[in-house]
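Asks: Quick one: sequence and predicted model below, then my questions.
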Amino acid sequence: MELQKMNGHSRDDGFDGLDALAEHDEFLPHKPGVKRESRFTDFEGKTSFGMSIFNLSNAIMGSGILGLAFAMANTGIILFLILLVSIAILSAYSIHLLLRSAGVVGIRAYEQLGNRAFGAPGKMLAACIITVHNIGAMSSYLFIVKSELPLVIEAFLGIPKDTGEWFVNGNYLIMIVSAGIILPLALMKHLGYLGYTSGFSLSCMVFFLISVVYKKFNTPCPLEDDHHNVTPAALDHAVLNATCEAKLFTLNPQTAYTIPILAFAFVCHPEVLPIYTELRDATKKRMQSVANVSILAMFLMYLLTALFGYLTFYDRVESELLHTYSQGGSLDVLLLCVRVAVLVAVTLTVPVVLFPIRRALLQILFPEKPFSWLVHIGIAFGLIFVVNILVISVPSIQDIFGLIGATSAPSLIFILPGIFYIRIVPEDQEPLRSRPKIQAACFAALGVIFMIMSLSFIIIAWVTGASRNKGGH
């Protein structure tokens with residue numbers, strides 16, 4: 001029960017009087033008829049419930065969806081389902097902690113929660129974690145563009161691979177896509193305006209899901225391909241059954257690497273508070289509904305994509321599902337359209353991921369200054385430039401992404417929401433030994449365990465020289 005009192009005000013509808021009073025006092029302090037300067041932290045309240053769902057769903061949806069079938073192959077169907085359900089529930093609870101903390105103090109910026117909880121060091125820590133994590137996510141999306149777009153252009157033009165033409169050079173293509181598509185969208189003043197592109201991006205991923213389901217019933221098993229030279233005639237009956245048999249539980253050395261893939265698939269926490277800020281008729285309950293619907297929708301998409309992708313290729317599914325479909329040689333028209341859809345989806349996701357980074361930098365560099373188009377454009381251009389340089393100059397940043405993901409994702413999902421809740425919610429409302437705060441402490445401890453486990457696996461992989469192709473968010 002969240003029945004709290006402040007100056008005689010009390011509510012028991014799940015969004016207490018303190019939360020409501022803080023929100024109205026903090027975000028709408030101006031008097032009627034008195035105009036004030038617009039600031040980037042202002043509560044806009046212009047984005048509809050549906051558009052907010054599109055934006056948050058698009059923030060959740062990441063490049064990791066291409067690796068979920070591989071994750072299921074290394075856990076088994078039942079274990080994968082258990083892990084996916086658990087992480088989805090934990091992610092929803094994490095968002096609840098964030099919204100509860102933000103409502104108590106009337107703050108809707110992740111960095112300001114850190115400032116309220118631990119002062120300037122907390123603010124800087126939150127801003128740095130968000131920046132590092134989202135730059136890694138943006139880079140992973142552009143790496144997909146760099147690797148997949150040249151193949152699509154070659155297929156459309158009917159030219160052989162490795163011709164050396166500039167228009168099939170991935171480095172040139174990501175610069176063109178960044179300048180022509182990503183930068184203009186990133187210059188939008190409000191995140192809510194991207195609801196339309198987020199909806200289109202999600203539509204592309206729905207098409208991807210439908211294609212995965214369709215291919216399950218139109219792809220022979222075992223797969224005939226030029227790379228492995230495996231044909232039904234070359235296999236005896238026992239080997240054939242083993243190759244095309246779904247496993248309910250699987251434990252192998254790669255099973256541990258699938259847990260970070262699943263956890264990172266639900267990282268959307270840097271975008272939660274900016275979306276909350278722009279939500280129309282915003283309350284904690286309404287924003288939690290946005291989060292729950294988004295998480296449920298992505299849970300279903302993840303589950304169906306992983307299940308049908310796995311049931312198509314079984315143990316032969318690769319870490320990047322689209323690449324698995326191309327084992328049989330040339331791509332058919334459907335797969336070519338799927339590649340285009342995935343490229344569109346990841347490209348339109350980059351501007352949504354960029355907004356929290358810009359907010360974090362604004363909180364650090366210009367916390368009290370009015371909105372400036374020069375600063376707004378300059379930060380967007382600088383971020384996109386840095387990400388392009390990173391993607392172009394580093395041939396393989398798998399281990400770097402693994403290190404970033406093993407530290408930033410547990411921090412954003414588990415550790416920061418838990419400790420912020422403990423520090424921000426007053427003890428006279430919820431004592432330190434109350435059940436909600438004990439749950440938050442256990443939640444943060446779970447994040448620490450997860451971080452240590454992930455880092456340990458990465459270090460072991462480095463020491464042993466094992467190469468793991470993990471999906472990123």
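Replies: Ah, there it is. Bear in mind that the values here come from a model prediction, so they are computed numbers and not experimental data.
Asks: could you measure the residue nearest to Leu68 when sequence neighbours are not counted against Thr47, distance?
Replies: Spatially, and ignoring its direct neighbours in sequence, Leu68 is nearest to Ala306 (3.8 Å; Cβ to Cβ, 6 or more residues apart in numbering). Every residue, glycine included, has its C-beta placed from N, CA and C. Distance, Ala306 to Thr47, by Cβ to Cβ, to the nearest Å: 31 Å.
Asks: When the two are compared, which one has more neighbours?
Replies: Comparing Ala306 with Thr47 by other Cβ atoms under 10 Å, the one with more neighbours is Ala306, at 28 against 24.
Asks: was I right about that one contacting Gly64?
Replies: No: the pair Ala306 / Gly64 is not scored as a contact, 10.6 Å apart, by Cβ atoms under 8 Å.
Asks: in the helix or strand harbouring Tyr214, what counts as buried?
Replies: Assigned by DSSP states H and E, Tyr214 belongs to helix 195-216. Buried positions in helix 195-216, judged by neighbour count with 16 or more other Cβ atoms under 10 Å: 195, 197-199, 201-202, 204-205, 207-209, 211-212, 215-216.
Asks: next one: the lengthiest helix in the chain to chain centre, how far?
Replies: In the chain, ranked by residue count with DSSP state H as the criterion, the top helix is helix 120-157. Computed by Cα atoms, centre = their mean, to the nearest Å, the chain-centroid distance of helix 120-157 equals 11 Å.
Asks: tell me what that helix is packed against?
Replies: If you count contacts as 3 or more Cβ pairs under 8 Å, 6 or more residues apart in numbering; DSSP states H and E, helix 120-157 packs onto helix 110-118, helix 170-177, helix 269-278, helix 333-365, helix 373-393, helix 398-410.
Asks: Mean neighbour count, those helices: which tops it?
Replies: helix 269-278 (a mean of 25; mean count of other Cβ atoms under 10 Å).
Asks: so what secondary structure elements neighbour it?
Replies: helix 49-60, helix 77-105, helix 110-118, helix 120-157, helix 284-313, helix 333-365.
Asks: and of these, who's closest to Ile182?
Replies: Ranking the helices and strands packed on helix 269-278 by proximity to Ile182 (Cβ to Cβ) places helix 333-365 first, at 4.9 Å.
Asks: Could you figure out how far the closest one is turned away from helix 110-118?
Replies: 50 degrees (axes from the mean of the first three to the mean of the last three Cα atoms, to 10 degrees).
Asks: Can you list the helices and strands that helix 333-365 packs against?
Replies: By 3+ Cβ pairs under 8 Å, 6+ apart, helix 333-365 packs against helix 49-60, helix 110-118, helix 120-157, helix 183-186, helix 195-216, helix 269-278, helix 321-325, helix 373-393.
Asks: next one: the shortest one to chain centre, how far?
Replies: For helix 183-186, the separation from the chain centroid amounts to 19 Å (computed by Cα atoms, centre = their mean).
Asks: got a list of contacts for that helix?
Replies: By Cβ atoms under 8 Å, 6 or more residues apart in numbering, the residues outside helix 183-186 that reach it are Leu194, Thr197, Leu348, Val350, Pro351, Leu354, Phe355, Ala380, Phe381, Leu383, Ile384.
Asks: The last one: what's it in contact with?
Replies: This points to Ile384. By Cβ under 8 Å, 6+ apart, the contact list for Ile384 reads Ser178, Ile182, Leu183, Ala186, Leu354.
Asks: closest to Val290 among those residues?
Replies: The nearest member of the contacts of Ile384 to Val290, counting by Cβ to Cβ, is Leu354 at 20.3 Å.
Asks: In contact with that closest one, which residues?
Replies: Counting by Cβ under 8 Å, 6+ apart, Leu354 touches Asn134, Met138, Ile182, Ala186, Ala380, Leu383, Ile384.
Asks: measure Ile144 to Glu271 for me?
Replies: Distance from Ile144 to Glu271, by Cβ to Cβ: 20 Å.
Asks: JSON lines for the contacts of Ile384, including pLDDT and distance to Leu149?
Replies: As requested, those are arranged in JSON lines below (pLDDT from 0 to 100; distance: Cβ to Cβ, whole Å):
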{"residue": "Ser178", "pLDDT": "94", "distance to Leu149": "12"}
{"residue": "Ile182", "pLDDT": "92", "distance to Leu149": "13"}
{"residue": "Leu183", "pLDDT": "92", "distance to Leu149": "17"}
{"residue": "Ala186", "pLDDT": "89", "distance to Leu149": "19"}
{"residue": "Leu354", "pLDDT": "89", "distance to Leu149": "20"}
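Asks: Identify, from those, the entry nearest to Ala117.
Replies: Nearest to Ala117 among the contacts of Ile384, with distances taken as Cβ to Cβ, is Leu354, at 25.5 Å.
Asks: From Thr324, how far off is the closest one?
Replies: 30 Å.
Asks: so where's the stretch 51-200 of the chain shaky on pLDDT?
Replies: 63, 107-108, 162, 191-193 (pLDDT under 70).
Asks: mean confidence score for stretch 275-292?
Replies: Average pLDDT, stretch 275-292: 88.
Asks: Report the buried residues of that stretch.
Replies: 275-279, 282-284, 286-288, 290-291.
Asks: Run the chain-centre distance for that stretch.
Replies: Computed by Cα atoms, centre = their mean, the chain-centroid distance of stretch 275-292 equals 18 Å.
Asks: CA atoms only for it - export them in PDB, please.
Replies: Provided in PDB are the C-alpha atoms of stretch 275-292 (Å, rounded to 0.1, in the frame of the first residue of the first chain):
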ATOM      1  CA  ILE A 275       9.300   9.300 -22.500                       C
ATOM      2  CA  TYR A 276       7.600   9.800 -19.100                       C
ATOM      3  CA  THR A 277       8.400  13.500 -19.300                       C
ATOM      4  CA  GLU A 278       6.600  13.800 -22.600                       C
ATOM      5  CA  LEU A 279       3.700  11.500 -21.900                       C
ATOM      6  CA  ARG A 280       0.300  13.200 -22.000                       C
ATOM      7  CA  ASP A 281      -1.700  13.200 -18.700                       C
ATOM      8  CA  ALA A 282       1.400  11.600 -17.100                       C
ATOM      9  CA  THR A 283       1.100   9.700 -13.900                       C
ATOM     10  CA  LYS A 284       3.200   6.900 -12.500                       C
ATOM     11  CA  LYS A 285       0.400   4.400 -13.100                       C
ATOM     12  CA  ARG A 286      -0.100   5.500 -16.700                       C
ATOM     13  CA  MET A 287       3.700   5.300 -17.400                       C
ATOM     14  CA  GLN A 288       3.900   1.900 -15.800                       C
ATOM     15  CA  SER A 289       1.100   0.800 -18.100                       C
ATOM     16  CA  VAL A 290       3.200   2.100 -21.100                       C
ATOM     17  CA  ALA A 291       6.200   0.100 -19.800                       C
ATOM     18  CA  ASN A 292       4.100  -3.100 -19.200                       C
END
